[in-house]
Structures are given as C-alpha cells and as structure tokens.
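Asks: Give the three-dimensional model of this entry:
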Amino acid sequence: MPLGTLDRTPPPFFRQGTSALTKLLFCAALAVFLMVADARFKLTTPARAALALVLHPLQRALLAPVDAWERGGDYLRGTERAMAAEDQARRQLVQQAERLSRAEQLQLENQRLRALLELRPALQVPSIAAEVLYEAADPYSRRVVIDRGSHQGVRAGAPVINDAGVLGQVTRVYMFSSEVTLLSDKDAAIPVLNTRSQQRGAAFGGAEGGTMELRFMAANADVKQGDLLTTSGLDGVYPPGLPVAKISVVERRGDSSFARVTLQPVAQLDNVRHVLVLGPLLELEKARGEAQAASAAAAASAPARAAKTGAHKP
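Replies: Predicted structure coming up:
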C-alpha cells in the first residue's frame, strides 16, 4: 500500500478535544450562573425539595441502626443512673434518720437542761421580709437598697440576714426604703465567735474580692482554715449564733505579731434577692427587761391591794 494513502489521524483515545482551561472557565461560569439564579430566582429550590423528599426514606433507613444503638446506650446509662440514685437515696435516708434521732435527743436534753437551770427561753427576734431593689450608686462601697422603710417598721442599725447567714446592717432608713451596708464593705465590722475554739474576735470588710478579714488576732491564735464564725451577740445588735463567715486563709508571718486571717462570707452577697430585717437585740432586751420589771411590780403590788381590800371589809 502506498504511503500516501495511510490514515495518519490519531486514535480516538488520544484526541485532546477542548482544552482544560476552556473547561475550567465554562464550569466556573456555569457555577456562578447557578448560584446567582438560585439566590435571585430560586430556580433550584423545587429540585432541592424533590431530592430531599426522595432521599428522606433512605436517610431514615440509614439512621435507624444509629438511633437504635443510641437508644440502647441511653437505656443502659439511664438504668445505671437510676440504680446509683436509688443507692444514694437509701444511704441519705439512713443518714437523715440517724441525724433526726440525734437532733431529737439533743432537743430533749436541751429542754431538760434549761428547765433544770431555770434558763430563760431563747429570745424570739421579730423580722420583716424585704426584697433587694438595686445596688447603691457609690462604686467604692458595698450597699444595697431594700423595699422596706420606716413605714414598715425598719429601724437604723437593724441586722439583715438571708437563709445562709448575716448579710449586713441597715445604715439609712427612708419612708419606704432602706440602705443596707454589706459585710464586705470597707466600713463594716461585726463581732464574731469561733464555734470550734469559742474564741471571740472582730471581722472587718474591705478586703479584696468581696472577702473579709479577722483582725487583731495573735500569731499563735487557735484559728484554722474552715472554722465557722458566728455572731457573738456582745454588741447588742446581732443575735448570737448567726453564721457570718468561714476562715479561708491563715497567714502567720515571723515579722509580725498578728496573723492575717482572710474570711469568706457564708451568705452570697452578690446574688441576694430576698432578705429578713431583724430587730436590734439591744432594744429587744430593753423591752423584755421593762416587761419583766412591770410584771414584777404588778406582782409585788398585788398583796398590798389584797390587804387594803380586806381592811375595808366590815
């Protein structure tokens, strides 16, 4: 066969066709067109909805084993948690029963001792429920304003507590509101009693981070981290036995004869909403003394009146 008659065209699988750059530009333009069309004219929304509808049964079928595995794991974990909670509840029930029994015994013993020693019953302090309205505008003090004032019977110097312990003291009284100085204020001070060692002291506010400080404590004083401090009742303002703070840090330095004791108030001063305003203890004691004196005078004058009545009889 003559060479001029040979077919010199390349086989089909060697043919290049359109260049790669042309294909890239075409695909990029098509993608931009589809995005613009979908964003402006929502052309692909029906197709997307139809595709989602068609694939939904398949998706549910593929997710069924995963859901079954998760439900089984949740069931097993829930069973374990329920059994653990039941065991914990049983232990707590036993502990509470023991504590209740001891509390009843202590209460009966306390009543017997008071009757034996002829001690007066515990002083019942009247209280006024109040709600915190807002914090005082002074950024250099720790004070809040409550919605009870002189019209409701609040008096200056009255202690303010919540369910955790002592919060502070009423320092200003208005007609329908009052200002309470918190224990963490720099001007606040309160006499305290260490419930473990029965040692008295004075706690002051103004420390960093909303803490307090137990000042004028000797370096060798019997104070430990975690000791609970309560009101001592010596100031005639706070009733004795109210929780005040716990000792958080005790620093004993050799160059100082006093220990630096940092306290953490037991009442959450920053999350207070409802409080109780108590009557000052000194005024209650004074009223109680006057009542006792009046009753004693009445009892002393009763025989004289009886004798006088008998003398006038015929």
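Asks: need the strands for this structure, in chain order.
Replies: Using DSSP state E, the strands of the chain run over 127-135, 143-146, 159-161, 166-173, 178-182, 189-194, 200-204, 212-218, 228-231, 243-251, 258-265, 274-278.
Asks: Looking at those, which is nearest to residue 98?
Replies: Taking CB to CB as the measure, these were each checked against residue 98, and strand 228-231 came out nearest at 21.9 Å. All C-beta spots, glycine's among them, are computed from the backbone N, C-alpha and C.
Asks: Mean neighbour count and mean pLDDT for the strands of the chain - can I get that in CSV?
Replies: Below are those laid out as CSV (neighbours: other CB atoms under 10 Å; pLDDT from 0 to 100):
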stretch, mean neighbour count, mean pLDDT
strand 127-135, 15, 86
strand 143-146, 20, 90
strand 159-161, 25, 90
strand 166-173, 22, 91
strand 178-182, 23, 91
strand 189-194, 21, 92
strand 200-204, 18, 91
strand 212-218, 18, 88
strand 228-231, 22, 93
strand 243-251, 18, 91
strand 258-265, 19, 90
strand 274-278, 19, 87
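Asks: Need those strands in JSON lines (columns: distance to residue 98).
Replies: Conversion of those to JSON lines gives the following (distance: least, CB to CB, whole Å):
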{"stretch": "strand 127-135", "distance to residue 98": "32"}
{"stretch": "strand 143-146", "distance to residue 98": "40"}
{"stretch": "strand 159-161", "distance to residue 98": "29"}
{"stretch": "strand 166-173", "distance to residue 98": "30"}
{"stretch": "strand 178-182", "distance to residue 98": "37"}
{"stretch": "strand 189-194", "distance to residue 98": "27"}
{"stretch": "strand 200-204", "distance to residue 98": "33"}
{"stretch": "strand 212-218", "distance to residue 98": "34"}
{"stretch": "strand 228-231", "distance to residue 98": "22"}
{"stretch": "strand 243-251", "distance to residue 98": "23"}
{"stretch": "strand 258-265", "distance to residue 98": "29"}
{"stretch": "strand 274-278", "distance to residue 98": "31"}
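Asks: can you pull the contacts of residue 166?
Replies: When the contact criterion is CB atoms under 8 Å, 6 or more residues apart in numbering, the partners of residue 166 are 159-160, 183, 190, 231, 238, 242-244, 265, 267.
Asks: meant to ask about residue 182
Replies: For residue 182, the set of contacting residues under the criterion of CB under 8 Å, 6+ apart consists of 142-144, 167-168, 188, 205, 269.
Asks: try it again with 6 Å
Replies: By CB atoms under 6 Å, 6 or more residues apart in numbering, the contact list for residue 182 reads 142, 168, 269.
Asks: what's stretch 125-141 in contact with?
Replies: Looking at what lies outside stretch 125-141 - CB under 6 Å, 6+ apart - the contacts are 143-148, 153, 185, 239, 272-279.
Asks: spatially speaking, which residue is in the middle of the protein?
Replies: For the chain, the residue lying nearest the average C-alpha position, counting by CA atoms, centre = their mean, turns out to be residue 268 (5.5 Å).
Asks: Find the nearest non-adjacent residue to that residue, please.
Replies: What sits nearest to residue 268 in space, not counting adjacent residues and going by CB to CB, 6 or more residues apart in numbering, is residue 164, at 6.7 Å.
Asks: That neighbour touches residue 269, doesn't it?
Replies: No. Look at residue 164 against residue 269 with CB atoms under 6 Å: they stay out of range, at 9.9 Å.
Asks: Among the two, which residue is more densely surrounded?
Replies: Set side by side, residue 164 and residue 269 show more neighbours around residue 269, with 18 against 13, by other CB atoms under 10 Å.
Asks: Ignoring the adjacent residues along the chain, who's closest to that one?
Replies: residue 182 (5.2 Å).
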